[in-house]
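Colleague: Pasting the sequence and the predicted coordinates here, then a few questions.
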Amino acid sequence: MAERYEILLSGFGGQGLILAGIVLAEAIGIYEGKYVAQTQSYGPEARGGRSRAGIVVSDQPIDYPKTNSIDLLLAMSQDACDTYFTNLKPSGLLFVDSTFVKDVPVDDAISIPFTEIARKEIGSIMVANIVALGAISRCSNIVTVESLKKALVTKIPRETEDINLRALEAGIAAAGKFAHRYLINSLQNASKRKISI
Amino acid sequence: MTEKEKVIPIKTNAAKEVLIHGNEAVVEGAIAAGCRFFAGYPITPATEIAEGMSIRLPKIGGTFIQMEDEMASLGSVVGASLAGVKAMTATSGPGFSLMQEILGYACMIEVPCVVVDVMRGGPSTGLPTSPSQGDVMLARWGSHGTHPIIVLAVSTVEDCFDVTVTAFNFSEKFRTPVIVLSDEIVAHTREKVALPSADGVTIVNRIRPTVPAEWFQPYENTPGGVPPMAIYGDGYRYHTTGLIHDSRGFPTDKKEEIKTFYERIHKKISQRFHEIQIVKNFFTEDADIIIIAYGSVARSSLLAAKTARQNGLKVGLLQLVTLFPFPRKAVETVLRQSRAVIVPEMNLGQISREVKRVNAKHSAVITLNRVDSDLITPKEILAKIQEVV
């Protein structure tokens, strides 16, 4: 992997992006053995404004913990997509929740209605964040489903384990048709190993 | 080419990898160091320390109290320490301002204790959820009067554990309050850290008297300057006062005793500078431009230094863990060898003043300041480096 791989999960307060960030960081850090630094922004944003969780992944100890030049962006609102897309690397992966993001800035975004899937298939929009994590594990080589599952069950209330695991599976299934993307993406990145800030 | 010096050899036995944030790591460090008393008042961005302590301490026979305010918090911490229990409180700028009165008292009666200040934008209510490094001079000089104090700064989650243990060890060794300066970014960044098992941490405990009670002098002018500390209830009766006192602990107005008192409480720290001054050097050996940084800004600085190296520039980083007593020797070394020193800080210049103070015209000291609630980015530091080049 590159010396520095940056993930940003963004949307609005209440979508569970910080929890998703913690689960993803735990999966990558504890179960895949990488160095991780997970940061978040809060404040007024916790009350419905913008919300985001950043994760920096590396094989080496991490210096600067914040995201800046993003490799993988999840946008779960139009506002988040518009705001953070400019920080996505040209070679980066963009995941959008098409329930809310109608205006997608690039043709090759992985556009999946996470919230709609959570509502229809699982019966709760609260797990849209976990549906998105499922799609991320399927379409990127940053985390395996096994690690995500292990991390997920340690971070949620036991009684919600079933719907969360179902949400994860639903996200994996929905991302199936995009799965070839990550191969192309990782091939493109293979030649780019320089740190950029 | 990384020459990362592990200068705090307190962990020998890593047992468990966990993903925790800086405030949680402070809790783990405090408990590993033997802290069994916490009194505090909630405040963003330090609250998770109190929260963690309230969960952990009762399970291990410790005591957690949420006090009515920050003055009472530090007051009860001082009381707990006098009673022989390692004690800590944690707060942010507004609370730390309130604690200054009791902090002076703790310096005066030489009580070991640890105060964590998770810095946020100030003054006053300021920017409660945003990072800052505005309390550096407050930590050193906040309390009135001529007093010594130790101030340490954390930069990573791992530091939060290590430095908190070190803070307790220094406080016990030197009978002094120790301030740990964190900031909102370190406090709320989650990282993977390996927590050592209980027997994998080096712990220092205060020296207690062994002489017969009638010979005991609570503030004896010992060669090291740190008199053995009797615990209330040990059978050594002694007097504790905020007035300048003689070796028995009673108020004095004798010039000679006043002088002896001030000299002793300062020498106990100044004599041992070399033990207290903790710094980390990154690529400084051959560097001609050196960044001096601490706290979360040290992390931006490290990426800036690495990037500059990739561009063929000889840039290094001196990270200060000990802020006070000011690590003069390490700073003088980099000032002597470099043509420019860059001091980035999330304030309008506090440690940079100290750097300028010890700079005997060896190097150009360039400041880089930011107070708009964002962390200084590697890009900004790199731009400053380019300017110097």
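Modeller: Happy to help now that I have it. Numbers count the residues shown, from 1 in each chain, chains lettered A, B, ... in the order given.
Colleague: quick one: low-confidence parts of chain B?
Modeller: For chain B, the stretches with pLDDT under 70 are B:1-15.
Colleague: For the biggest helix by length in chain A, name the packing helices and strands.
Modeller: What stands out as the longest helix in chain A, according to DSSP state H, is helix A:161-174. Other helices and strands packing on helix A:161-174, by 3 or more Cβ pairs under 8 Å, 6 or more residues apart in numbering or on different chains; DSSP states H and E, are helix A:114-117, helix A:128-139, helix A:145-155. Yep, even glycine has a C-beta here, placed from its N, CA and C like the rest.
Colleague: Mean neighbour count and mean pLDDT for those - can I get that in a markdown table?
Modeller: Shown next, in a markdown table, are the helices and strands packed on helix A:161-174 (neighbours: other Cβ atoms under 10 Å in any protein chain shown; pLDDT from 0 to 100):
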| stretch | mean neighbour count | mean pLDDT |
| --- | --- | --- |
| helix A:114-117 | 24 | 97 |
| helix A:128-139 | 28 | 96 |
| helix A:145-155 | 18 | 95 |
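Colleague: Quick one: closest of these to B:Gly93.
Modeller: Proximity to B:Gly93, assessed across the helices and strands packed on helix A:161-174 by Cβ to Cβ, is greatest for helix A:145-155 (31.3 Å).
Colleague: what's the closest of the helices and strands packed on helix A:161-174 to chain B?
Modeller: Chain B lies closest to helix A:145-155 among these, at 8.5 Å (Cβ to the nearest Cβ).
Colleague: hmm, who's touching that closest one?
Modeller: Applying Cβ atoms under 8 Å, 6 or more residues apart in numbering or on different chains, the external contacts of helix A:145-155 come out as A:19, A:22-24, A:26-28, A:30-32, A:130, A:133-134, A:137-138, A:161, A:164-165, A:168, A:172.
Colleague: and if you look at stretch B:330-337?
Modeller: Residues from elsewhere that reach stretch B:330-337 (Cβ under 8 Å, 6+ apart): B:277, B:279, B:281, B:284, B:287-288, B:290, B:292, B:316, B:318, B:320, B:341, B:354-355, B:358-360, B:362-363, B:365.
Colleague: again, 7 Å this time
Modeller: B:Gln277, B:Val279, B:Thr284, B:Ile290, B:Ile292, B:Leu318, B:Val341, B:Val355, B:Val358, B:Asn359, B:His362, B:Ser363 (Cβ atoms under 7 Å, 6 or more residues apart in numbering or on different chains).
Colleague: can you give me the helices in the stretch 51-200 of chain B?
Modeller: Along the stretch 51-200 of chain B, counting by DSSP state H, counting those that start in this stretch, helices occupy B:70-82, B:93-109, B:136-141, B:157-174, B:184-188.
Colleague: Quick one: the helices in the stretch 251-389 of chain B, in order.
Modeller: Under the criterion DSSP H, counting those that start in this stretch, the stretch 251-389 of chain B carries helices at the ranges B:255-270, B:273-276, B:297-310, B:328-337, B:351-358, B:378-388.
Colleague: Next, the angle from the fifth one to helix B:328-337.
Modeller: Taking axes from the mean of the first three to the mean of the last three Cα atoms, to 10 degrees, one finds that helix B:351-358 is oriented at 70 degrees with respect to helix B:328-337.
Colleague: Give the other helices and strands that helix B:351-358 contacts.
Modeller: helix B:328-337, strand B:340-345, strand B:364-369 (3 or more Cβ pairs under 7 Å, 6 or more residues apart in numbering or on different chains; DSSP states H and E).
Colleague: which of the ones you listed sits most buried?
Modeller: Comparing the helices and strands packed on helix B:351-358 by mean neighbour count (mean count of other Cβ atoms under 10 Å in any protein chain shown), strand B:340-345 ranks first with a mean of 25.
Colleague: In terms of secondary structure, what does it contact?
Modeller: Using 3+ Cβ pairs under 7 Å, 6+ apart as the contact test, the elements touching strand B:340-345 are strand B:289-293, helix B:297-310, helix B:351-358, strand B:364-369, helix B:378-388.
Colleague: Pipe the ones you listed into TSV and attach distance to B:Pro251 per row.
Modeller: Listed next are these as TSV, based on distance: least, Cβ to Cβ, whole Å:
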stretch	distance to B:Pro251
strand B:289-293	43
helix B:297-310	44
helix B:351-358	34
strand B:364-369	44
helix B:378-388	51
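Colleague: winner for burial among those?
Modeller: strand B:289-293 (a mean of 28).
Colleague: what residues does chain A put near chain B?
Modeller: Contacts of chain A with chain B, taken as Cβ under 7 Å from any Cβ of the partner chain, map to A:22, A:25-26, A:29-30, A:35-40, A:42-43, A:63-66, A:68, A:195, A:197.
Colleague: quick one: which of those residues sit in strands?
Modeller: Among the residues of chain A next to chain B, the ones falling in strands (DSSP state E) are A:Tyr35, A:Val36, A:Ala37, A:Gln38, A:Thr39, A:Gln40.
Colleague: Now the two most distant members of the residues you listed.
Modeller: Greatest spacing in those, by Cβ to Cβ: A:Tyr35 and A:Gln40 (17.8 Å).
Colleague: quick one: which of these two has more around it?
Modeller: Set side by side, A:Tyr35 and A:Gln40 show more neighbours around A:Gln40, with 20 against 16, by other Cβ atoms under 10 Å in any protein chain shown.
Colleague: List only those of the residues of chain A next to chain B flagged as buried.
Modeller: Among the residues of chain A next to chain B, those classed as buried by 16 or more other Cβ atoms under 10 Å in any protein chain shown are A:22, A:25-26, A:29-30, A:35-40, A:42-43, A:63-66, A:68, A:197.
Colleague: just for chain A, where's the confidence low?
Modeller: Low-confidence segments of chain A (pLDDT under 70): A:1-2, A:42-48, A:181-197.
Colleague: Nearest to A:Ser77 among the contacts of stretch B:330-337?
Modeller: Nearest to A:Ser77 among the contacts of stretch B:330-337 is B:Ile292, at 40.9 Å by Cβ to Cβ.
Colleague: quick one: which of the helices of the stretch 251-389 of chain B is nearest B:Gly52?
Modeller: helix B:297-310 (22.9 Å).
Colleague: helices and strands around the closest one, which ones?
Modeller: On a contact count with 3+ Cβ pairs under 7 Å, 6+ apart, helix B:297-310 meets strand B:289-293, strand B:315-320, strand B:340-345, helix B:378-388.
Colleague: Distance to B:Arg299 added to the ones you listed, as CSV?
Modeller: Shown next, in CSV, are the helices and strands packed on helix B:297-310 (distance: least, Cβ to Cβ, whole Å):
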stretch, distance to B:Arg299
strand B:289-293, 8
strand B:315-320, 9
strand B:340-345, 11
helix B:378-388, 9
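Colleague: Which of the ones you listed sits closest to B:Leu195?
Modeller: Closest approach to B:Leu195 among the helices and strands packed on helix B:297-310 is made by strand B:315-320 (22.4 Å; Cβ to Cβ).
Colleague: Next, the buried residues of that closest one.
Modeller: B:Val315, B:Gly316, B:Leu317, B:Leu318, B:Gln319, B:Leu320.
Colleague: wouldn't the second one be in contact with B:Lys306 here?
Modeller: Think B:Gly316. No. Here B:Gly316 does not reach B:Lys306: they are 10.5 Å apart, not a contact under Cβ atoms under 7 Å.
Colleague: hey, where'd the strands end up in the stretch 1-150 of chain B?
Modeller: For the stretch 1-150 of chain B, the strands defined by DSSP state E, counting those that start in this stretch occupy B:14-21, B:37-40, B:63-66, B:87-91, B:113-121, B:127-131, B:150-153.
Colleague: wait, what's in contact with residue 133?
Modeller: In the absence of a named chain, chain A is used. By Cβ under 7 Å, 6+ apart, the contact list for A:Leu133 reads A:Ala20, A:Val23, A:Leu24, A:Leu148, A:Leu168, A:Gly171.
Colleague: Let me rephrase: I mean chain B.
Modeller: Each residue near B:Gln133 by Cβ under 7 Å, 6+ apart is listed here: B:Met119, B:Asp183, B:Gly295, B:Val297, B:Glu345, B:Met346, B:Asn347.
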